[in-house]
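In: sequence first, then the predicted structure, then my questions.
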Amino acid sequence: MPKLDKKNNFCTFKINTMTRLSVNINKIATLRNARGGNLPDVIEAAKNIERYGAHGITVHPRPDERHIRYADVYELKKILTTEFNIEGYPSEKFLNLVTEVKPAQVTLVPDPPDVLTSNNGWDIKTHFDFLKPIVERLQSQGIRVSLFMNAEPDMAKQAKKVGTDRVELYTESYARLYAEGKKEEAIQPFVETAKAVKELGLGLNAGHDLNLQNLKYFHQQIPWLDEVSIGHALISDALYLGLENVVNLYLRELQ
């Protein structure tokens, strides 16, 4: 409820931004790499995004370094003051990188090297024996682990068994159905899975194709989200509206 300031005769509102915004800067690196050189400057962009109010920076280095390079990860670690989240497939090369850098969070995704972008969550039951020692290895280094997964309540139970700290819900299907005008149908499996995750005591992140059109409704239905990771849509919006303005627009959707 608003609180009346009797002296100045206006109402003030306490805004609780429970859900944190982590900005994925891969697309900035894609633009840089298209021309060579260092324009735009990925490191400077990350500094500015933090200054504009984002709660964290996300990167997803891939083996071919087609956007974020491994060297970028090391440089970002030196300058970031907010939370650093590194996504990727847990190859030995990737695991060596993140155990050296020690970000706040590592999000494990099941991407094979040749995919354009993340397109599915883990089948945690099938890959249980593969994932469990990796989760333990990262946690032993003081790194929080999140598993990228589809909106399936039974998969949340597998995530709990494997020992992860959080899960990140893969939201492509939500975004697609929302765009078709089917928002209730779109959100239902995510609400069910989010409730299961909460009951299991796991943290909850979400990402993929979230944007200024669909983010607010998603957050309203699942207000206990810990974090959303948004890159492609946010950076695309920034081309029209400016990076500082867009970061604040996304933050407003989470209030």
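Out: Perfect, I can see it now. Numbers count the residues shown, from 1 in each chain.

In: need the next SSE after the longest helix that the chain contains, C-terminal direction.
Out: Assignment by DSSP state H gives helix 183-199 as the longest helix of the chain. Moving toward the C-terminus from helix 183-199, the next helix or strand (DSSP states H and E) is strand 203-207.

In: so what touches that next one?
Out: Outside of strand 203-207, the residues within contact range by CB atoms under 8 Å, 6 or more residues apart in numbering are 24, 107, 144, 146, 165-171, 190, 194, 197-198, 218, 222, 224-230. C-betas here are computed from N, CA, C, even on glycine.

In: may I see the buried residues of stretch 23-32?
Out: For stretch 23-32, burial by neighbour count (16 or more other CB atoms under 10 Å) applies to 23-29, 32.

In: my bad, should have said stretch 247-255
Out: 247, 249-251, 253-254.

In: and the pLDDT at the residue nearest the centre of the chain?
Out: For the chain, residue 229 is the residue whose C-alpha lies nearest the centre (CA atoms, centre = their mean; 2.3 Å). The per-residue pLDDT reported for residue 229 equals 98.

In: that's a helix at it, yeah?
Out: No - judged by DSSP: H, G, I helix; E, B strand; the rest coil, residue 229 forms no part of a helix; its state is strand.

In: the residue nearest to it when sequence neighbours are not counted pairs with what?
Out: Of all residues not flanking residue 229 in the chain, residue 207 sits nearest, at 3.7 Å (CB to CB, 6 or more residues apart in numbering). With DSSP bridges as the criterion, residue 207 is bridged to residue 170, residue 229.

In: quick one: the strands in the chain, in order.
Out: 3-5, 10-12, 20-24, 56-59, 83-88, 105-108, 144-149, 166-170, 203-207, 227-230 (DSSP state E).

In: tell me the angle the longest helix of the chain makes with strand 166-170.
Out: 170 degrees (axes from the mean of the first three to the mean of the last three CA atoms, to 10 degrees).

In: residues touching helix 183-199, excluding its own?
Out: By CB under 8 Å, 6+ apart, helix 183-199 touches 151-153, 155-157, 159, 167, 169, 171, 173-178, 203-204, 206, 214, 217-218, 221-222, 224-225.

In: which among those end up buried?
Out: Neighbour counting with 16+ other CB under 10 Å marks 151-152, 155-157, 159, 167, 169, 171, 173-175, 177-178, 203-204, 206, 214, 217-218, 221-222, 225 as buried within the contacts of helix 183-199.

In: if we can go back for a sec, out of the buried residues of stretch 247-255, which comes closest to residue 79?
Out: Of all the buried residues of stretch 247-255, residue 247 has the smallest distance to residue 79: 17.4 Å, by CB to CB.

In: so what's the closest one closest to, chain neighbours aside?
Out: Ranked by CB to CB, 6+ apart and with sequence neighbours excluded, the top spatial neighbour of residue 247 is residue 52, at 4.1 Å.

In: the one you found: what's it in contact with?
Out: Residues near residue 52 by CB under 8 Å, 6+ apart: 243-244, 247-248.

In: how close does residue 111 sit to residue 197?
Out: 22 Å (CB to CB, to the nearest Å).

In: those two: who's more crowded?
Out: Each of residue 111 and residue 197 has its neighbours counted (other CB atoms under 10 Å); residue 197 has more, 27 against 19.

In: now do stretch 152-168, average pLDDT.
Out: For stretch 152-168, the mean pLDDT works out to 98.

In: what about it, start to end distance?
Out: 12 Å (CA to CA, to the nearest Å).

In: check stretch 202-216 too.
Out: Length of stretch 202-216, first residue to last, CA to CA: 22 Å.
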